[in-house]
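Participant: structure of the sequence below:
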Amino acid sequence: MIETKPPLEEDRLRLRAEERSSRSLVPAAWLRPLANAPEAARQLAGRVERIATEANRALESRTRIPPLWLSFIAFVIVPSFAGAVYFAFFAAEQFMVETRFAVRAIEMEAMATPKGESAAFTFTPSGQNAYIVTSYIRSRAIVTDVSSKLDLRAIYRRPEADFWARLRRDATIDALTDYWQSMVETTVDANSSLVTVKVRAFRKGDALALASAIVAASESLVNRISERARRDATAMAEKDVRRAFESVQAALADLHKFRDEFGVIDPSLTGGEIVALLAPLVAQKIKLEGELFVAGHELSADAPTVRVLREQLESAEKQIKELKGRLTSSDGKSPSSSTMSGILAKFEELEVRKALAERFYALSKADHDRALLRANRQSIYLTVFVPPAEPEIARYPHRVTYPVLIFLAFAVVWSIFVLLLATIEDHRL
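Facilitator: Numbers count the residues shown, from 1 in each chain. All right, here's what the predicted structure looks like:
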């Protein structure tokens with residue numbers, strides 16, 4: 001007796017046959033007549049169906065690219081190929097000029113020799129100032145300084161430049177500074193304080209002009225630093241010198257005013273002249289007193305000789321009193337400004353003030369000279385030992401190295417991303 005297939009089993013086989021791909025090795029229509037076949041035939045049909053399904057899957061796996069390789073092509077191969085095409089056919093040639101210079105601090109030291117003192121120069125590296133110079137070269141300040149001599153926008157928008165490396169037409173000063181930093185490289189040797197500067201441009205002459213402008217701007221910066229340090233070192237000493245000089249001028253002005261007011265150039269000399277006049281009068285007075293004493297014993301008080309001697313004595317005493325009144329105060333109190341002693345005291349006070357001011361000025365001037373000498377001993381110099389020279393060949397871009405680096409960079413990023421996804425899938429299981 002032949003067994004028939006249940007309707008449900010027949011529907012299941014029909015649905016499986018419809019889901020198979022049109023590229024199946026054994027079409028489903030071939031297996032439909034076997035639905036009502038005996039059990040052995042249906043088993044054979046099931047085996048053939050499984051074999052056909054596995055064959056279809058194998059064929060589809062061969063003709064379809066795995067998603068992993070699709071992502072590698074999209075995220076690694078395509079960008080690397082684009083970069084290789086750009087560097088091979090579109091990237092403009094860039095000429096590089098290299099210059100090297102040293103920042104040195106020169107110190108002078110006094111050395112004793114048989115003929116006296118002489119100056120000895122000592123050259124020491126100035127690492128801090130070298131880093132200051134390199135920071136200046138990569139700053140907006142040098143862009144402004146160089147732009148006053150060269151048209152940086154025109155230099156970096158030459159027709160030779162390609163669309164990617166060219167400076168934008170509407171670039172701001174900040175964008176120009178960023179572009180400048182990408183075209184200029186600076187390095188400093190920490191041990192010797194040697195500075196290396198590399199500048200790139202799209203023309204040979206432009207690269208040479210930019211390198212020369214950088215050296216000139218750096219020299220100007222070093223000179224300003226040295227001059228500022230010199231001014232700071234001598235500023236306080238200069239203030240002391242000016243203050244002392246003003247004190248001397250004030251003392252001289254007071255002395256001049258004193259001489260104009262009293263009509264005396266040197267009170268000590270004037271007092272000496274008065275004393276010289278007073279000495280003969282005192283001697284004459286003593287003589288007249290002696291003669292009057294003798295005449296008073298020999299002659300009467302009303303005798304003409306006695307009266308003459310008395311009048312001469314009174315005249316000498318009057319002159320002596322007047323001269324003494326000009327020298328000192330008669331009341332014994334503090335010296336008056338009208339007497340020679342008061343004038344001499346005021347004059348001596350002014351002289352002492354003048355002498356102190358002159359002494360202070362001399363000391364301040366000496367301190368200023370020493371400060372200036374110390375400042376001059378610590379000068380900063382920029383010495384160029386590799387001057388800029390016009391290049392003969394273009395050094396940039398590296399048409400082989402850059403595409404390889406681009407490929408390696410994208411490959412590394414893609415590998416990291418794939419590993420992260422694999423790790424996430426492992427944690428989900």
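
Participant: residues contacting Val143?
Facilitator: 152, 173, 176-177, 180 (CB atoms under 8 Å, 6 or more residues apart in numbering). C-betas here are computed from N, CA, C, even on glycine.

Participant: now the buried members of those.
Facilitator: Buried members of those, counted by 16 or more other CB atoms under 10 Å: 152, 176-177, 180.

Participant: before we move on, the earlier item: which among the contacts of Val143 gets closest to Ser212?
Facilitator: Nearest to Ser212 among the contacts of Val143, counting by CB to CB, is Leu152 at 14.0 Å.

Participant: can you classify Thr383 by secondary structure?
Facilitator: strand (DSSP: H, G, I helix; E, B strand; the rest coil).

Participant: number of residues surrounding it?
Facilitator: 13 (other CB atoms under 10 Å).

Participant: what of Thr187?
Facilitator: 11.

Participant: enumerate every residue touching it.
Facilitator: 134, 195-196.

Participant: in CSV: these, plus pLDDT and distance to Ile142.
Facilitator: Output for these, formatted as CSV (pLDDT from 0 to 100; distance: CB to CB, whole Å):
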residue, pLDDT, distance to Ile142
Thr134, 92, 11
Val195, 93, 13
Thr196, 94, 16
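
Participant: list the ones among those residues that fall in strands.
Facilitator: Under the assignment DSSP state E, those contribute 195-196 to strands.

Participant: state the mean pLDDT of stretch 213-220.
Facilitator: Averaging pLDDT along stretch 213-220 yields 93.

Participant: any buried residues in that stretch, and which?
Facilitator: Neighbour counts using 16+ other CB under 10 Å place 213-215, 217-219 of stretch 213-220 among the buried residues.

Participant: hey, where'd the strands end up in the stretch 151-300 of the chain?
Facilitator: 184-188, 194-201 (DSSP state E, counting those that start in this stretch).

Participant: then the stretch 301-429 of the chain?
Facilitator: Here the stretch 301-429 of the chain has its strands, by DSSP E, counting those that start in this stretch, at 379-386.

Participant: please work out which residues outside stretch 371-391 touch it.
Facilitator: By CB under 8 Å, 6+ apart, the residues outside stretch 371-391 that reach it are 95-109, 126, 129, 133, 204-205, 207-208, 211-212, 215, 218-219, 222, 225-226, 229-230, 233-234, 236-237.

Participant: domain ranges for the protein, per the record?
Facilitator: The record's domain parsing of the chain by the TED database lists 90-108+122-234+376-396, 242-375, 398-428.

Participant: quick one on the thing from earlier: just send the contacts of Thr187 back as JSON lines, with distance to Ala244 and neighbour count too.
Facilitator: JSON lines is the format used below for these (distance: CB to CB, whole Å; neighbours: other CB atoms under 10 Å):
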{"residue": "Thr134", "distance to Ala244": "43", "neighbour count": "19"}
{"residue": "Val195", "distance to Ala244": "43", "neighbour count": "23"}
{"residue": "Thr196", "distance to Ala244": "49", "neighbour count": "15"}
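
Participant: which one of the contacts of Thr187 is nearest Glu160?
Facilitator: Distance to Glu160 across the contacts of Thr187 (CB to CB) is lowest for Thr196, with 25.8 Å.

Participant: how about the contacts made by that closest one?
Facilitator: 98-100, 186-189 are the contacts of Thr196 under CB under 8 Å, 6+ apart.

Participant: before we move on, back to that, next step: the buried residues of stretch 213-220 restricted to helices.
Facilitator: 213-215, 217-219 (DSSP state H).

Participant: re earlier: what two of the buried residues of stretch 213-220 are the furthest from one another?
Facilitator: Spanning the widest gap among the buried residues of stretch 213-220 are Ala213 and Glu219, at 10.9 Å by CB to CB.

Participant: remind me which residues of the stretch 151-300 of the chain are low pLDDT?
Facilitator: 259-279, 281, 288, 291-300 (pLDDT under 70).

Participant: just the helices from it, written as ranges.
Facilitator: 152-155, 173-183, 204-262, 267-298 (DSSP state H, counting those that start in this stretch).

Participant: in TSV: those helices, plus distance to Pro391.
Facilitator: Below are those laid out as TSV (distance: least, CB to CB, whole Å):
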stretch	distance to Pro391
helix 152-155	15
helix 173-183	14
helix 204-262	6
helix 267-298	84
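
Participant: quick one, which of these is nearest to Arg370?
Facilitator: Arg370 lies closest to helix 204-262 among the helices of the stretch 151-300 of the chain, at 7.9 Å (CB to CB).
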